[in-house]
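>>> Quick one, structure for this:
(3 chains)
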Amino acid sequence: MAAMDQPAVDLREPAGWRRTKNRIATWLMVLAFVAVLIPLGFVLYTVIAKGASTISWSFLTGSPIPPNVVPVGIGGMWPAIYGTLVITGLAAVIAVPLGVLGAIYINEYGGRGPLAQVVRFMSDVMTGVPSIVMGLFIFSIWVLHFGYSGLAGAFALACLMLPVVIRSSEEMLKLVPDPLREASYALGATKSRVTLTVVLPAAIGGIVSGALLAIARAAGETAPLLFTILTVTATNPNVFSGANTALSTQIFSNATQPYLGAQARAWGAALTLIAIAFILMIVARMVTARFTRYSR
Amino acid sequence: MDSPEQNVVASAQLPKPAALQDTPQDAFATSTGTSIFDAKGISIYYGSFRAVTDVSLTIYENEITAFIGPSGCGKTTVLRTLNRLNDLIPEARVEGEVHYRGANLYGSGVSPIAVRRRIGMVFQKPNPFPKSIYDNVAYGPRINGIRNKAKLDEIVERSLRQAALWDEVKNRMNKSGLGLSGGQAQRLCIARTLAVEPDVVLMDEPASALDPIATGKIEDLMHEIKSQYTIVIVTHNMQQATRVSDRTAFYSVLVNPDSDTRTGTLVEYGSTQQIFEDPQDPRTQAYVTGRMG
Amino acid sequence: MSTAAQADPAAPAGSASPLAHRRPLGDRIFQILAASAGVLVLVILALIAISTSQQAASWFATGWKIFTVDWNPATNNFGAMSYIYGTLLTAAIAIILSVPISVAMALLLTEVVPHRWARPIVYVVDLLAVVPSVVWGLWGILVFAPWLQRIYTSIASGVKGIPVLDALFGAPVSGASFFTAGLILAFMITPIVTSLSREVIATVPAIDKEGAYALGATRWEMITGAVWPHSQGGIVGAVLLGLGRAMGETIAVALVIGSSPVITSHLFAAGYSMPAVIANQFGEASGLFRSALIGLGVLLFVITIIINLIARGVVERSARRKRGA
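Below is the predicted model:
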């Protein structure tokens, strides 16, 4: 019975090639991560380095946007900043309530029914429609009849945002546990009341955060605006009529200019745009961290 | 003597179970000889939480040893220590010594991969890979370097025969392993484990998800392969323990009053006959007679 | 049981049965609103198809000519083949470069990295997604392309004369080219493919992975044995969705592709693609020209929808197969 009588057991690592394959695989995965970091670092570094020298209070608030030949220091980007904020804001006001309502329909009312399935399916499909198609769509259906305007741009952005908000809100609604709904029903509440007073508040953190991310994406979009707002250089306070401008379209037209002034303004605008998107993203994460009750 | 109900202990020192101190290992008159596993004073921690305390026992070759006890008493945790599967949980830590055929299982330089090739495991819920039946069984031999088709065919057939599944699947070896019934899937998992020709087969409640007929087949299988392997089985079913096992270890729970946590511990270990007919510890007695757990 | 006769507060007084319950108007209105919002999606998709096709009708009416190579606004010829070619080529480059990286990252995050570290790494990858397309394009044309041009030139001189390599990587060479566009597209779709793949891989049940480990598998063997068979359908779906994104991506491509409509095997040559030409030339277009550009948009719409449908089909099929065919 003594352990000494046993044959020696070899418990060392298996054959070399198996361990090598494992090691190589692991290193390749790490390499992939590095490969991802490099362009990101590159872009952010360049934008910050080149943009920072352009950005100043006068740049951010100055108006109008000077012609391309003019060097930095005269005029500013305010019209574009105003345009981006206002047009994106308008798009959000249109798309977010509709998106949340759509998600409520799919998750709370539709259930397994055929219409809900089709709507869910088509929302998924719609997230894949290229942004340029949305721009062409609004051009065909609105601009040709009512002219260029910030409103048209907002419509195009809203079409982009709608399916994204629907899908992310639906995910959040799904996470709310059924017993919560049942408790409310058991007290005699109607479905709309249950949804509005119990389900929606429970999911609101995730819904808001998802909406903020959709807004961040929309703020950076260019293609939908190219066909709907017709870039101008002076602030247009009336978002409902008349051509308008935005940071993204401004960067696009400046990028192909040979003039250093125009290019510098493009970098400044790019940094501003990234900052806006970044701030929205951070706020979204904070909302998720502090207000989301149910997460995966 | 303590009441059969929960033992409330001071959090600082969890005492060695009285039963084990009084029964020296040599008292196992029926021991066949070679010890496969030698555990001394095993405690298992998840982070700072002590999940299992002070387990010492010896598993003998070509025997079926059953771990029984109420839920949450650490049976599965101890089982998973024997094939180092707890390594997959980052905060898990083992103190004490486990020797496998004389070698320290947790010694430096020991590869968990080599350990698991020798000490296989069948899980509570059958988990066939989403591959064909053939590929399921061939997976183990393949990763160990066997590429020859004829050799693989032979290994696959042998393993499936040992698992009493060959006749039922020999004509559909290319079908997905996921399409089998619960009992068949579990036997497939057993075949898959046997295909690497391990030394020991650990079984974590292998029949708990199966109907009585499938359970019976698995128990018959265990008797058949006993002569070639050493088996350790965790089971909730006391009748099953009496049907299949030579030796039985009874685990129970100690409750910490301060932190309200539960720590598992080994209460009594002996031949199956002795545990069920003549238990020494009152907790064992309470459990096997149905008064507790 | 006289309490049953007590008026149900929701029922209007005098109704036939005390438990009769007419749904309050507000409740029904809300349901209609919600349903309308859902149906709005279908309406918009239909309108997109209809309105853009209408605008493109005159171009489509030219029949098979739309698939020729001759695109010349001056002569009113609008053959789109070179743009279709460019779209497919840049998307292919993007997928070939991005998929191995994305899948490797997804595996890294789910299997290799301890959970505490996975979160910050995911944030970094998401940061990649936050960079707007136009900023990628700006950096691409002003910084990246000139730098790449030097690299292309040296590669081109290196492969001069070698049969297949010269055709792919030889002259003509331009910083703004198919390959540059494909490369930047790869940067842009990596976050999406990574995050979708991660979701797929995360659904592999832990018990399957333990089963592989219990047989003595190394981590890589566990991945090929347990993770991959479970996830392959989902990952293919994720790749297809990335492909759809790459094809539709406009602004970055418009800035760095070189704006030269040619069909050539030389990856480092300047080229053009459908979304790029639409963005660049729409301002000056009218009549048949504009109709052609919108028509290209319709083609893009149809292609991306088809890819989307195939992607979902693939994912569905593999999910069904997992349930045991």
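>>> so does stretch B:76-83 get close to chain C?
Yes. Contact of stretch B:76-83 with chain C (C-beta under 8 Å from any C-beta of the partner chain) involves B:Asn83. C-beta coordinates here come from the backbone N, C-alpha and C atoms, glycine included.
>>> tell me which helix or strand of chain A sits lowest on mean pLDDT?
helix A:57-61 (a mean of 84; mean pLDDT, DSSP states H and E).
>>> How far off centre is it?
Centre-to-centre, helix A:57-61 and its host chain are 26 Å apart (C-alpha atoms, centre = their mean, to the nearest Å).
>>> Same check on stretch B:270-281?
On the basis of C-alpha atoms, centre = their mean, stretch B:270-281 sits 19 Å off its chain's mean C-alpha point.
>>> got the CA coordinates for it in PDB?
What follows is stretch B:270-281, C-alpha atoms only, in PDB (Å, rounded to 0.1, in the frame of the first residue of the first chain):
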ATOM      1  CA  GLY B 270     -15.500   4.200   5.000                       C
ATOM      2  CA  SER B 271     -16.700   1.200   3.000                       C
ATOM      3  CA  THR B 272     -20.200   1.700   1.600                       C
ATOM      4  CA  GLN B 273     -21.500  -1.000   3.700                       C
ATOM      5  CA  GLN B 274     -20.200   0.500   6.900                       C
ATOM      6  CA  ILE B 275     -21.300   4.000   6.100                       C
ATOM      7  CA  PHE B 276     -24.900   3.000   5.400                       C
ATOM      8  CA  GLU B 277     -25.300   0.200   7.900                       C
ATOM      9  CA  ASP B 278     -23.100   1.300  10.800                       C
ATOM     10  CA  PRO B 279     -22.400   5.000  10.500                       C
ATOM     11  CA  GLN B 280     -20.100   6.300  13.300                       C
ATOM     12  CA  ASP B 281     -20.900  10.000  13.200                       C
END
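>>> For B:Val122, give me the backbone phi and psi.
phi -110, psi 130 (degrees, to the nearest 10).
>>> what's the spacing between it and B:Leu85?
In this structure, B:Val122 and B:Leu85 are 12 Å apart, going by C-beta to C-beta, to the nearest Å.
>>> C:Gly137 now?
Between C:Gly137 and B:Leu85 the distance, using C-beta to C-beta, works out to 51 Å.
>>> Give me the more crowded residue out of the two.
Between C:Gly137 and B:Leu85, counting by other C-beta atoms under 10 Å in any protein chain shown, C:Gly137 is the more crowded of the two (29 against 23).
>>> Name the secondary structure element that contains the more buried one.
helix C:133-139 (DSSP states H and E).
>>> Could you identify the helix or strand that succeeds that helix?
As assigned by DSSP H and E, the chain's next helix or strand after helix C:133-139 is helix C:145-158.
>>> Can you show me the helices along chain B?
B:18-22, B:75-82, B:112-118, B:133-143, B:149-162, B:166-169, B:182-194, B:212-225, B:238-244, B:272-277, B:282-288 (DSSP state H).
>>> Check the stretch 201-325 of chain C for the residue nearest chain A and tell me.
Distances between the stretch 201-325 of chain C and chain A by C-beta to the nearest C-beta are smallest at C:Gly248, namely 2.6 Å.
>>> How about that residue, nearest residue that isn't a chain neighbour?
In space, and not counting its chain neighbours, C:Gly248 is closest to A:Pro130: 2.6 Å by C-beta to C-beta, 6 or more residues apart in numbering or on different chains.
>>> and that neighbour, how many residues sit next to it?
There are 24 residues near A:Pro130, going by other C-beta under 10 Å.
>>> ok, now how distant is the residue of the stretch 201-325 of chain C closest to chain A from chain B?
33 Å (C-beta to the nearest C-beta, to the nearest Å).
>>> Can you give me the neighbour number for that residue?
The burial count for C:Gly248: 25, using other C-beta under 10 Å.
>>> Would you agree it is in contact with A:Val133?
Yes. Using C-beta atoms under 8 Å, C:Gly248 is in contact with A:Val133, at 7.2 Å.
>>> okay, and the common contacts of the two?
C:300, C:304 (C-beta atoms under 8 Å, 6 or more residues apart in numbering or on different chains).
>>> Within range of chain B, give me the residues from chain C.
C:114-115, C:205, C:207-208, C:210-218, C:221, C:225-226, C:229-230, C:321-325.
>>> Could you give the backbone dihedrals for A:Pro64?
phi -80, psi -180.
>>> what sits against it?
Here A:Pro64 is in contact with A:75, A:79, A:233-235 (C-beta under 8 Å, 6+ apart).
>>> count of neighbours near the residue nearest to it when sequence neighbours are not counted?
Nearest residue to A:Pro64 in three dimensions, chain neighbours excluded: A:Ala234, at 4.2 Å (C-beta to C-beta, 6+ apart). Summarising burial for A:Ala234: neighbours were counted as other C-beta under 10 Å, giving 14.
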